[in-house]
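Q: coords below, sequence missing:
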């Protein structure tokens with residue numbers, strides 16, 4: 001009876017995995033297709049710590065076995081030289097071959113059958129039958145056929161779950177970014193970081209955390225949009241009248257004023273030279289119709305952000321341009337408000353919003369709603385200022401202080 005070697009040739013030490021692999025464990029009763037086993041191992045290679053190059057070496061070793069099926073009891077030892085292995089691995093260097101062979105041995109998928117001198121060869125009898133073969137034994141691959149199938153299915157299920165999670169993250173991220181744009185606010189910094197993270201391979205727990213955070217963000221913005229925007233169709237109709245080319249607020253008002261001054265008298269024959277201006281947005285007054293001092297009295301919070309108190313409406317407009325960024329109001333929403341209301345009225349509205357900033361959940365959506373109310377003729381800045389003044393008087397009375405002198409109701413804007 002021929003003894004099967006348990007230890008490697010040379011100075012290499014024997015390991016417990018080599019002793020276990022060399023044990024005569026019963027193999028599957030049915031034969032296994034060697035290329036099917038290789039395909040299952042390719043799906044589960046991450047579980048064994050193998051690379052695609054290591055699988056290329058294993059494919060070359062399997063190609064030296066005759067036939068497609070691996071059967072227990074038949075010779076499963078291959079003995080190619082390094083030169084032959086290099087040929088079947090498309091010219092892989094010998095040092096690289098040794099490294100990947102060592103990885104397959106550590107994974108328990110191969111077993112060394114070393115000869116007394118460490119060479120790989122085969123001995124045959126007079127009839128050509130194999131008596132002894134020294135090289136790489138592929139029987140461990142046959143023994144682990146059931147494990148390979150189970151691990152491959154688990155790996156494929158994990159990959160499918162990761163793919164579904166990545167798709168869900170991508171859809172939720174798109175919803176979160178577009179809802180932020182709809183509400184007129186800048187997207188959260190962590191949302192922009194998610195897009196960069198998706199370029200890398202993320203673990204399942206990381207993707208699940210992203211899905212949970214994105215669901216919370218999307219649901220919060222969705223409720224905010226429903227509470228501030230309304231669901232009527234008239235809003236979408238009003239947006240169709242915004243001009244595709246929007247001038248700066250001061251250029252627009254100055255151009256309209258210049259056209260008004262330069263308009264000639266109507267002649268008996270032709271139309272007016274500025275007759276085309278009737279298709280533009282309705283002209284807005286240069287001032288909101290209330291004194292600037294009264295507005296600053298009702299909205300003292302805005303003075304905390306000014307180096308010097310505003311003396312003209314233009315000073316308040318410049319201050320509002322800075323404040324709207326602090327309040328989370330995006331550039332498109334602010335530009336639309338200045339275009340429709342006029343810059344001075346928009347700045348006055350922003351000052352009133354700042355005075356009640358703690359009560360407004362979504363400043364961008366709130367300003368957009370006020371802009372649409374102005375388009376329908378329903379915005380009343382004077383009423384807002386009057387309400388703020390009455391609130392101040394009530395606060396003074398509650399604190400036991402004398403109420404401020406009666407200032408009268410400001411004119412409606």
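A: Received, thanks. Since this is a predicted model, take the numbers as computed values, not measurements. Numbering: from 1, shown residues only.
Q: so where do the helices sit in the stretch 251-400 of the chain?
A: Applying DSSP state H, counting those that start in this stretch to the stretch 251-400 of the chain gives helices spanning 292-298, 313-326, 331-341, 343-355, 363-375, 381-398.
Q: can you redo those helices as CSV with mean pLDDT?
A: As requested, the helices of the stretch 251-400 of the chain are exported to CSV (pLDDT from 0 to 100):
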stretch, mean pLDDT
helix 292-298, 90
helix 313-326, 90
helix 331-341, 90
helix 343-355, 92
helix 363-375, 90
helix 381-398, 84
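Q: Looking at those helices, which one is packed in the most?
A: Comparing the helices of the stretch 251-400 of the chain by mean neighbour count (mean count of other Cβ atoms under 10 Å), helix 343-355 ranks first with a mean of 25. To be clear about C-beta, it is placed using only N, CA and C from the backbone, and glycine gets the same treatment.
Q: just how off-centre is that one within its chain?
A: The chain centroid and the centroid of helix 343-355 are separated by 35 Å, computed with Cα atoms, centre = their mean, to the nearest Å.
Q: Show me what that helix is packed against.
A: If contacts are counted by 3 or more Cβ pairs under 8 Å, 6 or more residues apart in numbering; DSSP states H and E, helix 343-355 sits against helix 249-261, helix 292-298, helix 313-326, helix 331-341, helix 363-375, helix 381-398.
Q: can you give me the helices for the stretch 1-150 of the chain?
A: Along the stretch 1-150 of the chain, counting by DSSP H, counting those that start in this stretch, helices occupy 16-22, 34-43, 45-48, 52-63, 82-88, 94-106, 139-143, 145-182.
Q: most tightly surrounded among the ones you listed?
A: Neighbour counts (mean count of other Cβ under 10 Å) averaged over each of the helices of the stretch 1-150 of the chain peak at helix 139-143, with a mean of 22.
Q: what's that helix packed up against?
A: helix 34-43.
Q: Show me what the helix it packs on is in contact with.
A: Here helix 34-43 makes contact (Cβ atoms under 8 Å, 6 or more residues apart in numbering) with 48, 50, 52, 55, 58-59, 62, 65, 68-70, 109, 138, 141-142, 145, 148-149, 151-152, 155-156.
Q: Looking at the helices of the stretch 1-150 of the chain, which is nearest to residue 351?
A: helix 145-182 (24.6 Å; Cβ to Cβ).
Q: following that closest one, which helix or strand shows up next?
A: Remark: after helix 145-182, the chain's next helix or strand is helix 189-197, criterion DSSP states H and E.
Q: could you check the angle helix 145-182 makes with that following helix?
A: 140 degrees (axes from the mean of the first three to the mean of the last three Cα atoms, to 10 degrees).
Q: Buried residues, helix 189-197. List them.
A: 191, 194 (16 or more other Cβ atoms under 10 Å).
Q: Mind giving me the packing neighbours of that helix?
A: helix 145-182, helix 204-229.
Q: Looks like residue 110 contacts residue 139 (just checking).
A: No. The pair residue 110 / residue 139 is not scored as a contact, 9.3 Å apart, by Cβ atoms under 8 Å.
Q: how is this structure carved up into domains?
A: Listed by automatic domain parsing, the domain ranges of the chain are 16-143, 155-229, 250-260+280-398.
Q: Show me the shaky parts of the stretch 51-200 of the chain.
A: 116-118, 128-131 (pLDDT under 70).
Q: Try it again at 50.
A: Of all residues in the stretch 51-200 of the chain, none has pLDDT under 50.
Q: surely residue 58 meets residue 109?
A: Yes. Under the criterion of Cβ under 8 Å, residue 58 makes contact with residue 109 at 7.0 Å.
Q: what sits in contact with each of the two?
A: 41, 141.
Q: picking that back up, and of the helices and strands packed on helix 189-197, who's closest to residue 127?
A: Of those, nearest to residue 127 by Cβ to Cβ is helix 145-182, at 31.5 Å.
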